[in-house]
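Visitor: Could you work out the structure for the sequence below:
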Amino acid sequence: MVWVTGPLWHPDYNPVTDTVSRLEVGSPGWPQTVAFVVFGCFSLLLAGILYRDLERRTLTVAGALLLGVFGLGILGAGLFNIGTASAAHQIASAVAFLSVIAAMFVFGAALRRDNAPRSMVGYTLVSALAGVVLLALVLLASSVGSDALAAWNGLIQRAFILTWSAWLEVMALRALLLSQLGETASPS
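Guide: Predicted structure coming up:
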């Protein structure tokens, strides 16, 4: 919710053109920094829960570990403010973004292997492919000479974030549902 409300509390912030990390810059930047740290910690918690509860198979363990790397990357994005430690922030963000996309592909393969409902397998793989395309657009929009895309960089990044964050929520709810039903947890 922090990046959704950012324009209300951060002067000169434009959600259409500015990335979410831009909310960290300046004196009103602390809410976004805190949001990155909290989200990173919750992502690490989800990774730990999935690692604990899923059957120990190569793909599910790899997927949980990739989500752990994602959580560390988001945590790093908060600890390394883009305004004061831009290179470290960019590296942490890149690690987070690449690992969450990889996790989607890995869990997609695990779901398929375990004969999960086609809708879940399809949703996971479509989310992963959309993540790749949207990340490529984010990178193009932030590169030099992409003025047409740069005008939409903030919106493109938000679509990218919504893609993987919605998938993370579906995975978390699915794990919760499986644990409440008392079933042997598998990604399917």
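Visitor: neighbours of residue 58, just the number please.
Guide: If you count neighbours by other CB atoms under 10 Å, residue 58 ends up with 11. For glycine as for every other residue, the C-beta is placed from the backbone atoms N, C-alpha and C.
Visitor: Just the buried residues of stretch 97-111, please?
Guide: 97-111 (16 or more other CB atoms under 10 Å).
Visitor: From residue 169, how far off is residue 123?
Guide: Residue 123 is 12 Å from residue 169, where distance means CB to CB, to the nearest Å.
Visitor: from the buried residues of stretch 97-111, which ones fall inside helices?
Guide: Counting by DSSP state H, those place 97-111 in helices.
Visitor: and residue 78, helix, strand or coil?
Guide: helix (DSSP: H, G, I helix; E, B strand; the rest coil).
Visitor: How about the contacts made by it?
Guide: Applying CB atoms under 8 Å, 6 or more residues apart in numbering to residue 78 gives the contacts 24, 32-37, 39-40.
Visitor: and it, what pLDDT?
Guide: pLDDT, residue 78: 92.
Visitor: how near is it to residue 151?
Guide: 27 Å.
Visitor: Residue 92 too?
Guide: Residue 92 is 26 Å from residue 151, by CB to CB.
Visitor: now swap in residue 45 and tell me
Guide: Applying CB to CB to residue 45 and residue 151 gives a distance of 37 Å.
Visitor: and what of residue 70?
Guide: 29 Å.
Visitor: Can you pick out the residue with more neighbours from the two?
Guide: Higher neighbour count among residue 70 and residue 151: residue 70, with 26 against 14, using other CB under 10 Å.
Visitor: where's that one, which helix or strand?
Guide: Element membership of residue 70, judged by DSSP states H and E, is helix 58-79.
Visitor: Tell me where the model's unsure across the chain.
Guide: 144-146, 182-188 (pLDDT under 70).
Visitor: What segments of the protein are helices?
Guide: 2-9, 30-53, 58-79, 86-113, 118-142, 147-150, 153-181.
Visitor: Of those, give the one that comes closest to residue 19.
Guide: Among the helices of the chain, helix 153-181 comes nearest to residue 19, with 5.2 Å by CB to CB.
Visitor: Could I get the buried residue list for the closest one?
Guide: Buried, per 16+ other CB under 10 Å, within helix 153-181: 153-154, 156-161, 163-164, 167-168, 171-172, 174-175, 178.
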